[in-house]
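Engineer: Pasting the sequence and the predicted coordinates here, then a few questions.
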Amino acid sequence: MLQNTTVEWGSVRGGGTFGVINIGRNSSGHTSNSKSSLEILVEIAVVIPVIVKVVVYLVVVVVVVVVVVVVVVVVVVVVVVVVEVVAIAAADVVVVVVVVVVVVVVVVVVVVVVVVVVVVVVVVVVGKGRRGGDIYFKSIIKNSRRQEHVSRKCRNLLLGREKRRVRGSGIRTSYVD
């Protein structure tokens, strides 16, 4: 599967030796450029959970941004309509000023509420599966993390990179790429 496999031996403090098998590296330590189809497939399998997680994050962010934009547009339209109606109905300047102040306060409150909701959604749903978040999103994130771990383990096993330590013998064997 891979060429240019070398073995390096060394000693560890306190006695004992260790051997490092360099798979796919030549004697100067450079990795060979040729990759087997198994290696390529395993690398793709490891990347898939990460892509799923990124897509979920992007969908949540896009939905939140769309909601914020819609709320802001609706509030602005309502403000403009109310100001126009009041200005036409009452020529009194004091009434117009009071209405404008009330509308501005309402707009500020709505924007603050939307921002708080966005922050809560991002922290709870997209965050690390904390309590109170959407179970669906939490399960996707947990499954993708677990799958990432399993994929990494499978990849290391398939490519012979797992690390083993023989207890009591003072010999450590590492398989690295």
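Structural biologist: Alright, I've got the coordinates. Numbering: from 1, shown residues only.
Engineer: for the longest helix belonging to the chain, what is the average pLDDT?
Structural biologist: Ranked by number of residues, the top helix in the chain under DSSP state H is helix 37-89. Averaging pLDDT along helix 37-89 gives 77.
Engineer: List the buried residues in the helix or strand following it.
Structural biologist: Downstream of helix 37-89, the next assigned helix or strand under DSSP states H and E is helix 93-121. Under the neighbour-count criterion of 16 or more other Cβ atoms under 10 Å, helix 93-121 has 99, 103, 114, 121 buried. Bear in mind the C-beta positions are built from the backbone N, C-alpha and C, glycine included.
Engineer: so what's the third one up against?
Structural biologist: Read it as Val114. Taking Cβ atoms under 8 Å, 6 or more residues apart in numbering, we find Val114 in contact with 67-68, 71-72.
Engineer: Which of those residues sits closest to Val80?
Structural biologist: Using Cβ to Cβ, Val72 comes nearest to Val80 of those, at 12.7 Å.
Engineer: so what's the closest one closest to, chain neighbours aside?
Structural biologist: Leaving out its chain neighbours, the residue that sits closest to Val72 by Cβ to Cβ, 6 or more residues apart in numbering is Val111, at 7.1 Å.
Engineer: Can you tell me how far the one you found is from Val67?
Structural biologist: Using Cβ to Cβ, to the nearest Å, Val111 is found at 12 Å from Val67.
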